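Novice: A predicted structure for the sequence below; I have some questions about it.
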Amino acid sequence: MFQLTNKIAVITGGGSGIGKAISLLFARQGATVHILELNVEASKEAVKQITYDGGRAFAHVCDVTNQREVLTTFNKIKHIDILVNNAGIAHVGKVENTSTEDFDRILNVNVKGVYNCLYAAVPLMKAKGQGVILNMSSIAALVGITDRFAYSMSKGAAQAMTLSVARDYLHDHIRCNSISPARVHTPFVDGFIAKNYPDRQEEMVEKLSASQPIGRMGTPEEVATLALFLCSDEAGFITGCDYPIDGGFIKLNN
Ligand SMILES: NC(=O)c1ccc[n+]([C@@H]2O[C@H](COP(=O)([O-])OP(=O)(O)OC[C@H]3O[C@@H](n4cnc5c(N)ncnc54)[C@H](O)[C@@H]3O)[C@@H](O)[C@H]2O)c1
C-alpha cells in the first residue's frame, strides 16, 4: 500500500523540516522527487540523502514567490503527478505590529507562492489527465492563535485555495487537500524560538511541547506519513478536505 512507483512529485521547501521528511518518504515509496528550494545547500543535502538510500531526486533552485522562475522550473520537469505546496515562513505579531513589509513577505511566500505553483502545475496535470495536490496549512487557520495575524491569514488562504482548486478540477481528476499541523519540531520552530526568545530557548521548547494536549510536538515524519496517504492512490476518494494533525490541539485543549 501507499506506493508512489513511477510518480513524479514536486515538493516546495523540501530541503528542511516537514518538506524534507516528505521528500525522503515519497522517494522511499518510489516517487521521483523534485525539490524546489531557496536554500541550495539544504536541497542538495536532501537529494544526496535520497540518492544514498537508493531513491531518485533532483534539486531546483527556485523562489516560489517568483512566477517566472516557478513556470520555468515546472515546465522543465513537465510530467507532474504530485505537488506538495510546503514552503512557508512565519511571522509573530498582532495586526498592530504587523508592518506592510511583514504582511507582504508572508503574503508573497505563503499565498502567492502557493498560487504560483498551482498556476504552473494544474495545466501540466490536466494534460496528464490526473494529479494530486497537497497544501500545507496550519491549525492557525482553524483556531485563534495569539500573535499570528499575518501567518493565520496566509494559512486560511491556503485552505480556501484548496477548496477552489478541488472544486474546479474535479472532472480533470485532480485531487486537492490540505494538512493543518499544530507545532511540529523543525528548524522553522527552532529558528522562531531563537529569534523571538533568545534567552529562553529551552524553556520555550518545553512550553510549546506542553501546549499540545498530547504533551509533545509532532515530528516531521508523522506529517510526512499523512502526506503520503493523501497523495497515494489509496486516498483516491478524498478531495477538498483539510486534515489536522495536532496532538489534540483543536479539540482537546480544555
Ligand atoms: N513546524 C511547524 O510547527 C508547522 C506547523 C504548521 C504548519 N507548518 C507549515 O509547514 C511548512 C513547512 O514548515 P517547516 O517547519 O518544515 O519549515 P522549515 O523552515 O524547516 O522549512 C521550510 C523550507 O521552505 C523553504 N522556503 C522558504 N521560502 C521559500 C521560497 N520563497 N521559495 C522556496 N523555498 C522556500 C526554506 O528554505 C526551508 O527549507 C510551512 O508551510 C509551515 O508554515 C509548520
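Specialist: It's in.

Novice: ok now do the residue of the stretch 51-200 of the chain found nearest the ligand, which residues does it touch?
Specialist: Using C-beta to the nearest ligand atom, the closest approach of the stretch 51-200 of the chain to the ligand is made by G88 at 2.2 Å. For glycine as for every other residue, the C-beta is placed from the backbone atoms N, C-alpha and C. Residues near G88 by C-beta atoms under 8 Å, 6 or more residues apart in numbering: G13, V109, N110, G113, M136, S154, F188.

Novice: right, and G236 touches N177 too?
Specialist: No - applying C-beta atoms under 8 Å as the test, G236 and N177 come out as separate, 11.7 Å apart.

Novice: and those two? which has more neighbours close in?
Specialist: Set G236 next to N177 and count neighbours by other C-beta atoms under 10 Å: N177 wins out with 25 against 11.

Novice: Which residues does the helix or strand that one falls within contact?
Specialist: N177 belongs to strand 174-181 when assigned by DSSP states H and E. The contact list for strand 174-181 (C-beta under 8 Å, 6+ apart) reads 18, 122, 125-126, 130-139, 141-142, 155, 158-159, 162, 165-166, 169, 218, 223, 226-227, 230, 235-236, 238-246.

Novice: now do stretch 149-159
Specialist: The contact list for stretch 149-159, computed with C-beta under 8 Å, 6+ apart, reads 85, 88, 90-95, 98, 102-103, 106-107, 109-111, 114, 135-138, 140-141, 144-145, 178, 180, 242.

Novice: Output the strand holding N177 as PDB, nothing but the C-alphas.
Specialist: Extracted as PDB, the C-alpha positions of strand 174-181 are listed here (Å, rounded to 0.1, in the frame of the first residue of the first chain):
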ATOM      1  CA  ILE A 174      -7.100  16.400  -9.900                       C
ATOM      2  CA  ARG A 175      -7.500  16.000  -6.100                       C
ATOM      3  CA  CYS A 176      -6.600  18.800  -3.800                       C
ATOM      4  CA  ASN A 177      -6.400  18.600   0.000                       C
ATOM      5  CA  SER A 178      -4.600  20.400   2.800                       C
ATOM      6  CA  ILE A 179      -2.900  19.400   6.100                       C
ATOM      7  CA  SER A 180      -3.100  21.500   9.200                       C
ATOM      8  CA  PRO A 181      -0.300  20.700  11.700                       C
END
